[in-house]
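J.: mind looking at a prediction? Sequence and model below.
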Amino acid sequence: MKDDNKWAKYIRIAVLVLMALVVLFPFLLVLVISFKTESDFYTTNFLPSFPPTLDNYIKVWKDGDIPAATWTSLVITFFSVVGQVLVGAMAAYALTRMRFRHAGVFSSLFLIPMIFSVQTVIFPIFLMYNALHLLNTDLGLVLIYIATGLATCIFIFTKFMRSVPNEISESAMIDGAGHLRIFFQIILPLTKAQISTIAVINGLGVWNDFFLPLMLFTDGSITTLPLSIYTFTTEYGLKWTLVSADIIFMLLPMMVIYLFLQRYIVEGVAAGAVKG
């Protein structure tokens, strides 16, 4: 029996290692290419080259204006996620704590954007933004990210807030607290795990998005990290060694944030699985 348990343990470890390698393989491939010269890439393809070079990172840092693009991406991602969390949490609080007619209908309507892709409505959005002079502005991009990310936020917050006993809010109201005070001082602090989950899921979506900045930043005055890849596009195609270095610059900030928030993300997913 002990031998069977030992072999079962080894098999589980082998399967997990294999799955980890499958997940990490694209990242490792990009990392290897980023340290190759252009000539080495065409001669050795995806095999490591020696000695590795940092020339790609230096060129990308300068030509792609990585500091400015990183700052723009961070600002847009931060305000987009903060807006999604605040508006989504308030909407979920209203749906679960305030008694009004057709609350269930509104709850369902909020989830409709999860069915449609923003690509299907980009033409009317472009025309509306052009009329409102929101093209080529950080604010315009933040607003559309908040709107498109609300469905996920409301879904996650609603699931959690329904599990919070109503007696907590009722006791606070008896003590004279209003809805705003109950929301900010009692309910919102309880949603740390949900906020962290949304920050990573929606934050990654905003950070990695290429389509909306491409459509809404039309004059080239503002560049996000995904758009900086265009800098290394020629008439003959992409310069893959430079693009790979650019991708590494894109990955690093999100990897650092994920390492700090992973405990809350696991808690949020586990809470949703049990209480959802």
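T.: Sure thing, it's come through.
J.: any buried residues in stretch 39-49, and which?
T.: 40, 41, 49 (16 or more other C-beta atoms under 10 Å). All C-beta atoms are positioned from the backbone trio N, CA, C, and that covers glycine.
J.: what do you get for stretch 121-141?
T.: Residues of stretch 121-141 classed as buried: 125, 129, 134, 135, 137, 138, 140, 141 (neighbour count, 16+ other C-beta under 10 Å).
J.: same thing with stretch 7-27?
T.: Residues of stretch 7-27 include none that count as buried (16+ other C-beta under 10 Å).
J.: now residue 48: how far from residue 164?
T.: To residue 164, residue 48 is 52 Å away according to C-beta to C-beta, to the nearest Å.
J.: also residue 93?
T.: Distance of residue 93 to residue 164, computed by C-beta to C-beta: 10 Å.
J.: anything in contact with each of these two?
T.: residue 187 (C-beta atoms under 8 Å, 6 or more residues apart in numbering).
J.: circling back: could you identify the most distant pair in the buried residues of stretch 121-141?
T.: The largest separation in the buried residues of stretch 121-141, counting by C-beta to C-beta, is between 125 and 138 at 16.0 Å.
J.: closest one of the buried residues of stretch 39-49 to residue 11?
T.: Of all the buried residues of stretch 39-49, residue 49 has the smallest distance to residue 11: 36.0 Å, by C-beta to C-beta.
J.: element containing that closest one?
T.: In this structure, residue 49 is located outside every helix and strand according to DSSP states H and E.
J.: could we number from 6 for the rest of this?
T.: Sure, I'll start counting at 6 from here, so that last one is residue 54.
J.: how about the contacts made by residue 248?
T.: Listed by C-beta under 8 Å, 6+ apart, the contact set of residue 248 reads 234, 237.
J.: my read is it is in a helix, agree?
T.: Yes. Assessed by DSSP: H, G, I helix; E, B strand; the rest coil, residue 248 belongs to a helix.
J.: tell me the pLDDT of it.
T.: pLDDT for residue 248: 91.
J.: check residue 270 too.
T.: In the prediction, the pLDDT value recorded for residue 270 is 65.
J.: repeat that for the one 5 residues further on.
T.: The score at residue 275 is 58. That number is its pLDDT.
J.: model confidence at the residue nearest in space to the middle of the chain, what's the number?
T.: Residue closest to the mean C-alpha point of the chain, counted by C-alpha atoms, centre = their mean, is residue 209 at 1.9 Å. On pLDDT, residue 209 comes in at 88.
J.: what's the answer for residue 201, then?
T.: Reported pLDDT at residue 201 in the predicted model: 82.
J.: cool, residue 226 as well?
T.: At residue 226, the model reports a pLDDT of 82.
J.: give the burial count for it, as a bare number.
T.: Residue 226 has 8 neighbours, counted by other C-beta atoms under 10 Å.
J.: what's the spacing between it and residue 264?
T.: Separation of residue 226 from residue 264 (C-beta to C-beta) stands at 33 Å.
J.: with residue 148 instead?
T.: Taking C-beta to C-beta, one finds residue 148 at 30 Å from residue 264.
J.: in terms of neighbours, single out the busier of these two.
T.: Set residue 148 next to residue 264 and count neighbours by other C-beta under 10 Å: residue 148 wins out with 17 against 9.
J.: would you confirm that residue 230 contacts residue 76?
T.: No. Using C-beta atoms under 8 Å, residue 230 makes no contact with residue 76, being 9.9 Å away.
J.: thanks a lot, see you next time.
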